[in-house]
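J.: Sequence and predicted structure are below.
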Amino acid sequence: MALSDELLAEVQRIFREQWSIRDARVVPEPQGLGLESNNAAHLDRATVLYADLSDSTKLVDAKAWSFAAEVYQAFLYCAGRIIRNAGGTIVAYDGDRVMAIFYDDHQSTNAAKCGLQINYAVKNIISPALLKQCPTPPYAIKHVVGIDTSELHAVRTGVRGGNDIVWVGRAANYAAKLTTLDHDFPTRITDGVFQKISDSSKYGGNPKRVMWEPRLWTAQDNMRIHRSTWWWGL
C-alpha cells in the first residue's frame, strides 16, 4: 500500500468512527488510552498550569549552550518538584516549559499556590545561585506561569512508537497562551481560577490583601484575568 493510501485510510477512519469516552478518576497516562481507535478520557474539571522560561531564544543566541542548558535544568527541576509537591501531575515537557494538571478537590487553590511558589524559587533560589556561580555578566532569569481551569478530554495521538496525549479543552490552550504575556507579572490566572481559589491563595501579607490584580486580556476579547508579582515561600 502506498503511504498516501495508508494516510487516507487512517484519516477517513478517524473522521468516521464514533468516540468512546470514559470518565477519568485520575489524570490518565498514554498507555491507558487506545491509539488505534477514537478513545478519550473525560475530566469534568481540571486545572492546567504551564510554567515557561521567558526570552529563551535570546538566551541561546547570547550564551553558550552549556549555560542555557544549566538554566533550563535548574528551572525545570525546581518547577517540576514544586508541581509534584503541590499535588499536580506533570504531563509534558516542551523545550523550556512544563505542563501540569491539577485534578482534585482543591485543584485551583493548589495550582495558584504552586505558581507563586515557582516565582519564589526563581527569585530566591535559582537566580541567587546563578549569580553566585556566574557573576559577570549577570543574567536575569524571567518566567511566566499561566493557569486556567475547564472541562478537558485526553486523547492519545501520534503513531505507534511515537505518541502522547493531547489535552483538548479551553484550560490547556489558555494556560499556555497566558505564558506569552509580559514576564513583569510572573503568575497569571483566568477569572475562572480566581473565582474558585480559597482565601489562602487569594490573600497575603500583613494586613491581608488580595495578591492578584484584575486585568482585561485584550488579545482574547477582553477576557478578565488576574496577575501577580507575589511569591509563596517554600
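T.: Perfect, I can see it now. Residues are numbered from 1 along each chain as shown.
J.: So what touches the longest helix along the chain?
T.: Counting residues, the longest helix found in the chain (DSSP state H) is helix 65-85. If you take Cβ atoms under 8 Å, 6 or more residues apart in numbering as the criterion, helix 65-85 is touched by 49, 51, 53, 56, 59-60, 89-90, 93, 96, 98, 100, 114, 117-118, 121-122, 125-126, 129-130, 134, 139, 141, 143, 234. No exception for glycine: its C-beta is placed from N, CA and C like everyone else's.
J.: And the buried ones among these, selectable in PyMOL?
T.: Command for PyMOL that selects the buried part of the contacts of helix 65-85, burial taken from 16 or more other Cβ atoms under 10 Å:
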select buried, resi 49+51+53+56+59+60+89+90+96+98+100+114+117+118+121+122+126+130+139+141+143
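J.: quick one on the thing from earlier: report the buried residues of the longest helix of the chain.
T.: Within helix 65-85, the residues that count as buried by 16+ other Cβ under 10 Å are 67-68, 71-72, 74-76, 78-80, 82-83.
J.: contacting residues for the residue positioned nearest the centre of the chain?
T.: Most central in the chain under Cα atoms, centre = their mean is Y50, positioned 1.6 Å from the mean C-alpha point. Contacts here follow Cβ under 8 Å, 6+ apart; on that basis Y50 touches 97-100, 145-147, 175-176, 178-179.
J.: By mean pLDDT, point me to the weakest helix or strand of this structure.
T.: When each helix and strand of the chain is scored by mean pLDDT, DSSP states H and E, helix 56-62 comes last, with a mean of 87.
J.: And that helix, what does it pack against?
T.: Applying 3 or more Cβ pairs under 8 Å, 6 or more residues apart in numbering; DSSP states H and E, one finds that helix 56-62 contacts helix 65-85.
J.: next helix or strand past the helix it packs on?
T.: Where DSSP states H and E defines the elements, the next helix or strand beyond helix 65-85 is strand 89-94.
J.: what's next to the very next helix or strand once past that following strand, contact-wise?
T.: Remark: after strand 89-94, the chain's next helix or strand is strand 97-102, criterion DSSP H and E. For strand 97-102, the external contacting residues (Cβ under 8 Å, 6+ apart) are 27, 43, 46-53, 76, 79-80, 83, 86-93, 108, 110-111, 114, 152, 167, 172, 175-176, 179.
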